[in-house]
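*Asks:* for reference, the sequence and a predicted model appear below.
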There are 4 protein chains.
Amino acid sequence: MAPNVLKLACPNRRGIVATVSNMLFEAGFNIREAAQYDDHETGQFFMRVAFDGSGARADLEARLGATEKHFQMTSSLRFDKRPQRVLVLVSRFDHCLADLLYRQYVGEMNMQIAGVVANYPRETFARLDFDGAPFHYLPITKDTKKEQEKRLFEVIDETEADLIVLARYMQVLSDEATERLAGRCINIHHSFLPGFKGARPYHQAHARGVKLIGATAHYVTGELDEGPIIEQDVERVSHGDTPDALVRKGRDIERRVLARAVRYHIDDRVMINGPRTVVFPD
Amino acid sequence: MAPNVLKLACPNRRGIVATVSNMLFEAGFNIREAAQYDDHETGQFFMRVAFDGSGARADLEARLGATEKHFQMTSSLRFDKRPQRVLVLVSRFDHCLADLLYRQYVGEMNMQIAGVVANYPRETFARLDFDGAPFHYLPITKDTKKEQEKRLFEVIDETEADLIVLARYMQVLSDEATERLAGRCINIHHSFLPGFKGARPYHQAHARGVKLIGATAHYVTGELDEGPIIEQDVERVSHGDTPDALVRKGRDIERRVLARAVRYHIDDRVMINGPRTVVFPD
Amino acid sequence: MAPNVLKLACPNRRGIVATVSNMLFEAGFNIREAAQYDDHETGQFFMRVAFDGSGARADLEARLGATEKHFQMTSSLRFDKRPQRVLVLVSRFDHCLADLLYRQYVGEMNMQIAGVVANYPRETFARLDFDGAPFHYLPITKDTKKEQEKRLFEVIDETEADLIVLARYMQVLSDEATERLAGRCINIHHSFLPGFKGARPYHQAHARGVKLIGATAHYVTGELDEGPIIEQDVERVSHGDTPDALVRKGRDIERRVLARAVRYHIDDRVMINGPRTVVFPD
Amino acid sequence: MAPNVLKLACPNRRGIVATVSNMLFEAGFNIREAAQYDDHETGQFFMRVAFDGSGARADLEARLGATEKHFQMTSSLRFDKRPQRVLVLVSRFDHCLADLLYRQYVGEMNMQIAGVVANYPRETFARLDFDGAPFHYLPITKDTKKEQEKRLFEVIDETEADLIVLARYMQVLSDEATERLAGRCINIHHSFLPGFKGARPYHQAHARGVKLIGATAHYVTGELDEGPIIEQDVERVSHGDTPDALVRKGRDIERRVLARAVRYHIDDRVMINGPRTVVFPD
């Protein structure tokens, strides 16, 4: 059985690790994996503990409540390792969606794709087997943006989605939406050195003659493409790569960076630390 | 003996490769390596030919003159494979300078460091053996900037430098200077996804929580850090990397990216194509 | 229109490039891309020319015949850029097959999957849409190995396959088979530093504590996993990666290395040079 | 001040983390960084704790003694963060030595190079500034091998070396020597996919046409080049890379892989787990 996970954050002071370790021990649990990070700049302390054992959840929760109070701690406890319910939002390009579907199919991620939302109709993805996940066609125009987003949140509620993945969803969410989805909505976008603003970024990158192209997966915030970064990667390109070739290479980078970020999130390995993240690798 | 190199560029049309190949053949030379790039967007054609053989230089030059006229071609011919004379400019941080000196020492680059210029005194680099290269201390203040640059150009002339390398030279050259050094002055600077403006970039990168840091080597133009890119590379970092750790990792990336760019330039593998480069790899 | 491609190899001597360039020019063609490699050890010269234009194929072929004789040259000419017909052989693991199918679907490779052969029944790949490619179930036992291979060659003939891809096909081909498929059969296998022999290599790699795992795509020869290498890549792993995690990361590397190798082959970018390859990158 | 470090290993059972955390807390210390690894195959548990605070060392040692007994634990305690004394052994090629000297010079490693041993005379390294480290010329012949090694161990004792680095030291140590240096002697060697035995490995790699070359840093054991791996890295090469070019690229990989391994060791981030290592990254 996969272990339970406790994540916590609090101002750093003496005795946190000892207290938390004791708490788990006394509640009848065994620590299988522990990692922590002590942010010297902010004084904030982050800890992730994976544990198993025969203790009672209610007992642990009671102890945790006392610990939280004592250390001014915020925590999250995942006891039931049921697959995380993931809602995937997509526009026209389906390489990230197809990749997530394949990873679900071979069982390498502890997730269930609970639904697919697109502003393109089902035929756009005719070849993809959604493996039973319901499809929601939510077209969008300038006039229906607000309404469409309302409908989107109904789908999020209906599907009981734990995580929303913008898998090349080319629509900007409203501030209200990003606020409601804070910490549980991951976006993937291309990244270049240097960066480019505006349309057709791969064409801009080609015009500028970059030698590396990359992708960034991050939590969505009100600031477009600027939320806490979870994962990044790059690939080498040359002057001979046409814009089309950059787009093709970009697909490969985007799908693997997004998959890693989703995995880290699903395995409770990511904690948000202001404008950045703490990622405890496996 | 290392082969001679001919680089050329012209509007693309039928017969260029055939003409150039014939020209070398008829002049008594043998092509050892040839590479070309056909920029479909601009219609510009680029070619690099390495060749050896017993032909006469004057004869080849005469033929090349005719070919240039015919194809509206610009070309450069390196016949004499003497080491390129390199002038290294540096401020306080000497990791790139030390690395270039080591590469000269083991003989892996076809270059001779013809001089070192710094706005810090020789003691700053006390540990480094310049291997006979003269040192020029050119301090700079807001008031002496113009004068210092004039003195710099005297050194460039005296040393007969083929290539100027800004090896972490923390001074901005004047527009007049960058113009005079167009295509023969290489700079190295850090690069991040996303990019950062202003001071202490590694600290900014840490604050933003990037997962990759990188470096870019480029030709210097009037636009700061924006000239044609020759080479880039990155390294993975994590939330646990302090700004100091980023600076340390940055040193490693900077020195290897700069060394590769200098090598490509010295081996006549780089051609400038407007805002970008064509790099013919070995 | 995609350009035609001429690949050739011959002992190096003066005048090859000039002759070939003239030949194409005089036959009415224009060189779009040319690359060559001069193997100083063996004295063998390799060249790849992509070209277009309004010349006649028959005329070019006649000229090429004369050139071949003159230079003791072997060559291959791709005039008709029809998609290459690819037969994919697979056992139980379908990540490489699924990836090739997706790449065909988005149209990023100039290929048509002409058939899928497996020693597992169609249900094993129930989720995969073969996009019309016929499926051939060729089970194999120790006793039927010879017969199965005979049937395999019938399928190869029926499908008129240009390229055979062993996409994690866990059967060893007979010497006779590898000979018949020389230069048009690509295999993918895991690679480690150091290497491991025998079963369950990812488990061995874990036991040995390697910090990198990789994959190699190569042409199949009589010597198992030892043919000319086309492409390799690696990914970083740690002590914390279980054998299952290595297998998972291995899937990602295998599919991308195989896809690159297939692309290079299909675009006529690979030439075999004894025990190794010359790969002219795009 | 850099924190103290406790490393420990024992059979896994409930309560270890709690006990160790309490022990440090009660002795007056504060945990700054903790990482652990639970080897599910062997049942062995590994932990690294960095801590600071005003407790007394003797008190902590007494408590640690009791804890060790209770859990059948082996541990090592670094209280005094003085620079580690490193003895560098080298033959003719000095790129790793030069790199370590530079890293000491800029102060990025918590080490002091306590001596340099070579089977080549001081002139071989004339250009290198050893920064005060004594040089020991220990030539070796088939007949003097035993004696030379005896002299080597005298140097190790005299210099009070904590760590012995074989920085391209092309001599095989005796079994007796590797046993005496177990866990404190790091070697660097080239690595390829596939691997090669025998002389001139870069030439073999070229002959085989590999597309990646790499290096491995490992603890030295009786089995040549087979000890527990600390760090590995690779770089991409092509058919165009001559054996000399592979050697050149190999130098870059070797120096950075060795430097990382030495850093991990010096910062007490490596623990040996039978034939492999646990590396707790920073």
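*Replies:* Nice, I can see it. Values in this document were obtained by computation on a predicted structure and should not be read as measured data.

*Asks:* can we go C-alpha only for contacts and neighbour counts from here?
*Replies:* Will do.

*Asks:* need the contact list for the residue of the stretch 101-250 of chain A found nearest chain B.
*Replies:* Closest to chain B within the stretch 101-250 of chain A is A:Gly209: 4.7 Å, counting by CA to the nearest CA. By CA atoms under 8 Å, 6 or more residues apart in numbering or on different chains, A:Gly209 lies in contact with A:238-239, B:228-229, B:275-277.

*Asks:* please repeat the previous calculation with a cut-off of 10 Å.
*Replies:* For A:Gly209, the contacting residues are A:203, A:237-241, B:228-231, B:273-278, by CA atoms under 10 Å, 6 or more residues apart in numbering or on different chains.

*Asks:* and it, what's its pLDDT?
*Replies:* We have a pLDDT of 93 for A:Gly209.

*Asks:* try A:Ala199
*Replies:* A:Ala199 is given a pLDDT of 80.

*Asks:* returning to that earlier point: can you pick the most crowded of the contacts of A:Gly209?
*Replies:* Among the contacts of A:Gly209, the one with the most neighbours (other CA atoms under 10 Å in any protein chain shown) is B:Ile230, at 32 neighbours.

*Asks:* which helix or strand contains it?
*Replies:* Taking DSSP states H and E as the criterion, B:Ile230 maps to strand B:229-236.

*Asks:* cool, and A:Arg103?
*Replies:* Counting by DSSP H and E, A:Arg103 is part of helix A:95-105.

*Asks:* that helix versus helix C:95-105: what angle between them?
*Replies:* 150 degrees (axes from the mean of the first three to the mean of the last three CA atoms, to 10 degrees).

*Asks:* what residues does the stretch 101-250 of chain A put near chain B?
*Replies:* A:190-196, A:206-216, A:225-240, A:242 (CA under 10 Å from any CA of the partner chain).

*Asks:* if any of those residues are buried, put those into a ChimeraX selection.
*Replies:* To isolate the buried subset of these in ChimeraX, counting by 16 or more other CA atoms under 10 Å in any protein chain shown, use the following:
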select /A:190,191,192,193,194,195,196,206,207,208,209,210,211,212,213,214,215,216,225,226,227,228,229,230,231,232,233,234,235,237,238,239,240,242
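
*Asks:* please flag which of the residues of the stretch 101-250 of chain A next to chain B sit within helices.
*Replies:* A:206-208 (DSSP state H).

*Asks:* what sits against A:Leu258?
*Replies:* With CA under 10 Å, 6+ apart, A:Leu258 has these contacts: A:96-97, A:99-100, A:165-168, A:186-189, A:215-218, A:230-233, A:264.

*Asks:* so which strand or helix has it?
*Replies:* Per DSSP H and E: helix A:243-266 holds A:Leu258.

*Asks:* then that helix to CSV, C-alphas only?
*Replies:* The C-alpha coordinates for helix A:243-266 follow below in CSV (Å, rounded to 0.1, in the frame of the first residue of the first chain):
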residue,chain,number,x,y,z
PRO,A,243,9.6,27.2,-36.8
ASP,A,244,7.8,23.9,-37.5
ALA,A,245,10.6,21.9,-36.2
LEU,A,246,10.7,24.0,-33.0
VAL,A,247,7.0,23.4,-32.6
ARG,A,248,7.6,19.7,-33.0
LYS,A,249,10.4,19.6,-30.5
GLY,A,250,8.4,21.9,-28.2
ARG,A,251,5.6,19.2,-28.1
ASP,A,252,8.0,16.7,-26.7
ILE,A,253,9.3,19.0,-24.1
GLU,A,254,5.9,20.2,-23.1
ARG,A,255,4.4,16.8,-22.6
ARG,A,256,7.3,15.5,-20.4
VAL,A,257,7.5,18.7,-18.3
LEU,A,258,3.8,18.7,-17.7
ALA,A,259,3.7,15.0,-16.8
ARG,A,260,6.5,15.4,-14.3
ALA,A,261,4.8,18.4,-12.7
VAL,A,262,1.5,16.6,-12.5
ARG,A,263,3.2,13.5,-10.9
TYR,A,264,4.9,15.7,-8.3
HIS,A,265,1.7,17.4,-7.4
ILE,A,266,-0.3,14.1,-7.3
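
*Asks:* need the next SSE after it, C-terminal direction.
*Replies:* Proceeding N to C from helix A:243-266, the next assigned helix or strand is strand A:270-273, under DSSP H and E.

*Asks:* anything in that following strand near chain D?
*Replies:* No: judged by CA under 10 Å from any CA, strand A:270-273 stays clear of chain D, getting no closer than 16.2 Å.

*Asks:* which strands or helices does that strand pack on?
*Replies:* strand A:4-11, strand A:44-53, strand A:229-236, helix A:243-266, strand A:276-279 (3 or more CA pairs under 10 Å, 6 or more residues apart in numbering or on different chains; DSSP states H and E).

*Asks:* I'd like those written out as JSON lines, with mean pLDDT added.
*Replies:* Shown next, in JSON lines, are the helices and strands packed on strand A:270-273 (pLDDT from 0 to 100):
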{"stretch": "strand A:4-11", "mean pLDDT": "97"}
{"stretch": "strand A:44-53", "mean pLDDT": "94"}
{"stretch": "strand A:229-236", "mean pLDDT": "96"}
{"stretch": "helix A:243-266", "mean pLDDT": "97"}
{"stretch": "strand A:276-279", "mean pLDDT": "96"}
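
*Asks:* closest one to B:Phe125 among the ones you listed?
*Replies:* For B:Phe125, the closest of those is strand A:229-236, at 34.6 Å, according to CA to CA.

*Asks:* on that earlier part again, next, the buried residues of the helix holding A:Leu258.
*Replies:* A:243, A:245-266.

*Asks:* helices of the stretch 1-150 of chain A, residue ranges please.
*Replies:* A:16-26, A:57-71, A:95-105, A:145-159 (DSSP state H, counting those that start in this stretch).

*Asks:* now the first one against helix D:16-26, angle please.
*Replies:* What it means is helix A:16-26. 140 degrees.

*Asks:* how about the last one?
*Replies:* Between helix A:145-159 and helix D:16-26, the angle comes out at 110 degrees (the same axes, to 10 degrees).

*Asks:* in the sheet, which strands lie alongside the helix or strand following helix A:145-159, parallel or antiparallel?
*Replies:* Helices and strands here follow DSSP H and E; after helix A:145-159, the next one along the chain is strand A:163-166. Applying DSSP bridges to the sheet, strand A:163-166 is found paired with strand A:84-90 (parallel), strand A:185-192 (parallel).

*Asks:* comparing those strands by mean pLDDT, which bottoms out?
*Replies:* strand A:185-192 - the lowest mean pLDDT of these, at a mean of 93.

*Asks:* buried deepest among the strands paired with strand A:163-166, which one?
*Replies:* Most buried of the strands paired with strand A:163-166, by mean neighbour count (mean count of other CA atoms under 10 Å in any protein chain shown): strand A:185-192, with a mean of 25.

*Asks:* closest one to chain D out of the ones in helices among the residues of the stretch 101-250 of chain A next to chain B, please.
*Replies:* Using CA to the nearest CA, these come closest to chain D at A:His206, 22.5 Å.

*Asks:* A:His239 is in contact with the closest one, correct?
*Replies:* Yes: at 7.7 Å, A:His206 counts as touching A:His239 under the criterion of CA atoms under 10 Å.
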